[in-house]
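Enquirer: what's the 3D shape of this:
(2 chains)
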Amino acid sequence: MYYLGVDVGSVSTDIVLIDENFKIIDKVYLKTKGRPIKAIQDGFRELKKYKKEEILAAGTTGSGRQIAGYVIGADVVKNEITAHAVAALYIDKDVKTIIEIGGQDSKIITLKDGVVTDFAMNTVCAAGTGSFLDRQAERLEIPIDKFGEYALRSDSPVRIAGRCAVFAESDMIHKQQLGYCEEDIISGLCEALVRNYLNNLAKGKEIKQKVFFQGGVAANAGMKKAFENALGFEVYVPEYYSYMGAVGSAILAKEYYEKGNKTKFLGFNIADLSFNTKTIDCSGCSNRCEVVEMLRENKPIGFFGDRCGKWSEKVKAS
Amino acid sequence: MKVGIPRALLYYKYNPFFETFYSELGCEIIESPETNKVILDYASKYCVDEACLPIKIFHGHVYYLKDKCDMILVPRIMRVNDKEYICPKFCGLPEMIENSIYDLPPITKTPIYANNKEKLLRWANREGGNITKNKIKIKRAFDNALREQEKYTCGVNDEGYKTKVVLAGHPYSVNDSFLNMNVIKKLNNLGIGVITEEFVSKDDINYEVDKLFKRPFWTFTKDTYGSTVYLADNRKVDGIVYVSSFGCGIDSVLIELIKNNVGDFPFLILKVDEHTGEVGFNTRIEAFSDMLLRRKLS
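Expert: Next up is the predicted model:
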């Protein structure tokens, strides 16, 4: 018997199955590419070998958690801060700080006695997140998974402005034009992102050990090293660093089941159903909300985006 | 005569005064509706791009009103308490409006010093004089307007919630539910009650402010700082939720000032700008509520 966790992020969609002992039984990693429903369906196709009855409960998280919740029939729909904290604490009770850098968000989470006591997320700026690194890798024509290796080969990183993604990019281009080598520029970029993270998100927060570094960007060994250089101590990257959100939501699903609740999970066969979304320009009042209607086999299963709740309450009631 | 009153900025605090004043002078009042998407579109189209969201939204409301009335109230509020100021953008508001929106009906430009009655009466005489020459009528309208204002309180103080937060920020950020993405309703739905600075006494605010090495000269800073720190230090609330407009100069100082004084007390900053996608906003609120509730359990 298993618990399912689905993390639909801006860049990747991660799905995990855990058993009663929190062991990861299966996992799928896909690029979201702006199509969350398709990503979930593609993932579920790979998991069809499991029966619906084998899943005791399902949870979703990530910025696409709401849509994912409707699609799979989730029992628990939770924000990614809580999910990441739950997963990290399960792996190591002593973790005090979590650095999580994903596609469009970066976060710092402070824990004390097993509870989140503080957190911060990047504000309106996306500097220092995965999608920025992705873009720079693309521009330099270096595969993103080689980025870390390049950074580690450098011994004199170039100084790059890290406060803003636009500034960082133009600074990088100027340094390239002066002939600095790629290794030093990439290493400098990692340092700039870490500087930005520590000045911006972690400002005024005490970073206590033990520190976990998770999220997609933790794959980049250059970032890990830059954090360690800046902090002066070791930073741990857990084995399933990029699945932590999904693991957390599976654990939350387990908690839900253990409270005696029954699952609403719809099974892996939803991979073959047709899902559509339709935008309705609601003219009920001057707010003119853009309401999204979700359809499964042309039947509405959910609405969101309305401010007053007139649409979203429709489905909950039925 | 039709007087347009934009439902933005300090409308939320001082509307009873202006509305009563103009209706007593025999004017018909045209209020713009609550901020909505149409107004937000006008806002970003007809305002200089560096301005903060609330100032932009004010422009949107003025644009909405411009063909519907004979004059528009653009209150240039300079100060409401002695030795304090309102944000500098208010001092230049009529000029910003005039230079960004064309084909406007006349707008009010007289500076408003509301720190004492005589000074405020000067504003009433000047602006009222454009409507009637009858000084007695103006004085009567002014007195009634002040009376209505004194009766009025804005803000929120929810009862019956086990967990409560102070919703901090400039009055218009807290009271405009479109600007703050319905934050009060969202918190309530998560089982969290809200209290705002209007429900903290002046004495308590002053007590906190007097402990600072220098008294803040911005009214917003003084009120928000004093009330938030008072509520946090005396554990009247479980956390602070601060709604701040992107690019606000006052907030850049104020937020740090509060942080320095409340230590590790739960503090969430919500930056708002022209976004209408609510996912990122909801994530922060939900995570904060989880944190408060789980903290309590442990």
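Enquirer: List the buried residues of stretch A:168-186.
Expert: A:168-169, A:171-172, A:175, A:180, A:183-186 (16 or more other C-beta atoms under 10 Å in any protein chain shown). For every residue, glycine as well, the C-beta is placed using N, CA and C.
Enquirer: and if you look at stretch B:84-95?
Expert: B:84-87, B:89-90, B:93-94.
Enquirer: hang on, A:Ile280 in a strand?
Expert: Yes: applying DSSP: H, G, I helix; E, B strand; the rest coil, one finds A:Ile280 inside a strand.
Enquirer: Who are the contact partners of the residue nearest to it when sequence neighbours are not counted?
Expert: Closest residue to A:Ile280 apart from its sequence neighbours, by C-beta to C-beta, 6 or more residues apart in numbering or on different chains: A:Val291 at 4.5 Å. By C-beta atoms under 8 Å, 6 or more residues apart in numbering or on different chains, the contact set of A:Val291 is A:279-282, A:303-306, A:311.
Enquirer: ok, now with 6 Å
Expert: Counting by C-beta atoms under 6 Å, 6 or more residues apart in numbering or on different chains, A:Val291 makes contact with A:280, A:282, A:303, A:305-306, A:311.
Enquirer: Same check on A:Glu100?
Expert: A:Glu100 neighbours (C-beta under 6 Å, 6+ apart): A:84, A:107, A:214-215.
Enquirer: Tell me which helix or strand it sits in.
Expert: Assigned by DSSP states H and E, A:Glu100 falls within strand A:97-101.
Enquirer: Can you check what angle separates the helix or strand that that strand is followed by from strand A:97-101?
Expert: Once strand A:97-101 ends, the next helix or strand along the chain (criterion: DSSP H and E) is strand A:106-112. Angle, strand A:106-112 to strand A:97-101, by axes from the mean of the first three to the mean of the last three C-alpha atoms, to 10 degrees: 160 degrees.
Enquirer: Figure out the length between the terminal residues of stretch A:87-97.
Expert: 13 Å (C-alpha to C-alpha, to the nearest Å).
Enquirer: Can you give me the distance of A:Asn196 to B:Lys135?
Expert: 61 Å (C-beta to C-beta, to the nearest Å).
Enquirer: Look at the two and report which has more neighbours.
Expert: A:Asn196 (21 against 11; other C-beta atoms under 10 Å in any protein chain shown).
Enquirer: The more buried one: what's its closest spatial neighbour, skipping adjacent residues?
Expert: Nearest non-adjacent residue to A:Asn196 (C-beta to C-beta, 6+ apart): A:Gly162, at 3.9 Å.
Enquirer: Shouldn't that neighbour be within a strand?
Expert: No: according to three-state DSSP, A:Gly162 belongs to no strand; its state is coil.
Enquirer: residue contacts, it?
Expert: A:Gly162 touches A:168, A:192-193, A:195-196, counting by C-beta under 6 Å, 6+ apart.
Enquirer: Out of those residues, which comes closest to chain B?
Expert: A:Asn196 (16.3 Å; C-beta to the nearest C-beta).
Enquirer: next helix or strand past the helix or strand that closest one falls within?
Expert: Per DSSP H and E, A:Asn196 falls inside helix A:182-200. Per DSSP H and E, the first helix or strand lying C-terminal to helix A:182-200 is strand A:211-214.
Enquirer: Relative to that following strand, what are the paired strands and their orientations?
Expert: Using DSSP bridges, strand A:211-214 pairs in its sheet with strand A:97-101 (parallel), strand A:235-236 (parallel).
Enquirer: Mean pLDDT and distance to B:Asp223 added to these, as a markdown table?
Expert: Formatted as a markdown table, those follow (pLDDT from 0 to 100; distance: least, C-beta to C-beta, whole Å):
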| stretch | mean pLDDT | distance to B:Asp223 |
| --- | --- | --- |
| strand A:97-101 | 94 | 34 |
| strand A:235-236 | 96 | 42 |
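Enquirer: Which among those strands is found nearest to B:Gly191?
Expert: Closest approach to B:Gly191 among the strands paired with strand A:211-214 is made by strand A:97-101 (25.2 Å; C-beta to C-beta).
Enquirer: Just the angle for the closest one relative to helix A:182-200, thanks.
Expert: Going by the same axes, to 10 degrees, strand A:97-101 makes 130 degrees with helix A:182-200.
Enquirer: which ones are touching the residue in the stretch 151-298 of chain B that chain A sits nearest to?
Expert: Residue nearest to chain A within the stretch 151-298 of chain B: B:Ala287 (3.5 Å; C-beta to the nearest C-beta). Counting by C-beta under 6 Å, 6+ apart, B:Ala287 touches A:79, A:81-82.
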